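Student: Fold the following, please.
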Amino acid sequence: MAKIYVASSWRNQCQQEVIKVLRSLGHEVYDFRNPPGRTGFQWSTVDPNWQNWTTEQYREALNHPVAIDGFNSDFNAMQWADICVMVLPCGRSANTEAGWMAGAGKRVFVYSPEKQEPELMYKIYERILCNIDELGEQFIP
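Tutor: Numbering: from 1, shown residues only. Below is the predicted model:
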């Protein structure tokens, strides 16, 4: 079975369904919302006023112990995983994670169940999956 890192956004409604499908197929799956032994990282844990930060405040917040722990949890899981599934729509972090994983020689799939603006550079990834059936078929053991 594969070790899979699911990269997405907290706002993505499909992320939990993707994890459920992959786990039901017997894969080990990292869930950034519910990492083992901890809760998922959120900027609001660092500061409830995070959305009003200046760039300098954001830069400093990256050194907060909660941010360091959240980063380490996710980055360790990226190193652990064989495969990345980036679930769209997502933001900068998920795109960074998928790009890092591709650069590290890991297989990356883009799951895009809804119409999205086309992105040329997604050609570096292995395949774009359009629906839950394609996702399941791609990862049948």
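Student: Can you give me the buried ones in stretch 1-11?
Tutor: For stretch 1-11, a neighbour-count test (16 or more other C-beta atoms under 10 Å) marks Ala2, Ile4, Tyr5, Val6, Ala7, Ser8, Ser9 as buried. For every residue, glycine as well, the C-beta is placed using N, CA and C.
Student: average pLDDT for it?
Tutor: Taken as a whole, stretch 1-11 has an average pLDDT of 96.
Student: Dump the C-alpha coordinates for it into CSV.
Tutor: The C-alpha trace of stretch 1-11 is given here as CSV (Å, rounded to 0.1, in the frame of the first residue of the first chain):
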residue,chain,number,x,y,z
MET,A,1,0.0,0.0,0.0
ALA,A,2,1.1,3.6,-0.6
LYS,A,3,1.8,6.3,1.9
ILE,A,4,-0.1,9.3,0.6
TYR,A,5,0.1,13.0,1.6
VAL,A,6,-3.2,14.9,0.8
ALA,A,7,-2.4,18.6,0.1
SER,A,8,-5.4,20.9,0.1
SER,A,9,-7.1,23.8,2.0
TRP,A,10,-9.0,23.9,5.3
ARG,A,11,-11.8,25.4,3.2
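Student: chain center to it: distance?
Tutor: Centroid separation for stretch 1-11 versus its chain: 5 Å, with C-alpha atoms, centre = their mean, to the nearest Å.
Student: Packing partners of the host helix or strand of Ala94?
Tutor: Per DSSP states H and E: Ala94 is located in helix 92-103. Applying 3 or more C-beta pairs under 8 Å, 6 or more residues apart in numbering; DSSP states H and E, one finds that helix 92-103 contacts strand 3-7, helix 65-80, strand 83-87, strand 107-111.
Student: wouldn't Gly40 be in contact with Phe32 here?
Tutor: Yes - using C-beta atoms under 8 Å, Gly40 makes contact with Phe32 at a distance of 5.4 Å.
Student: Since that was my last question, I'll sign off now.
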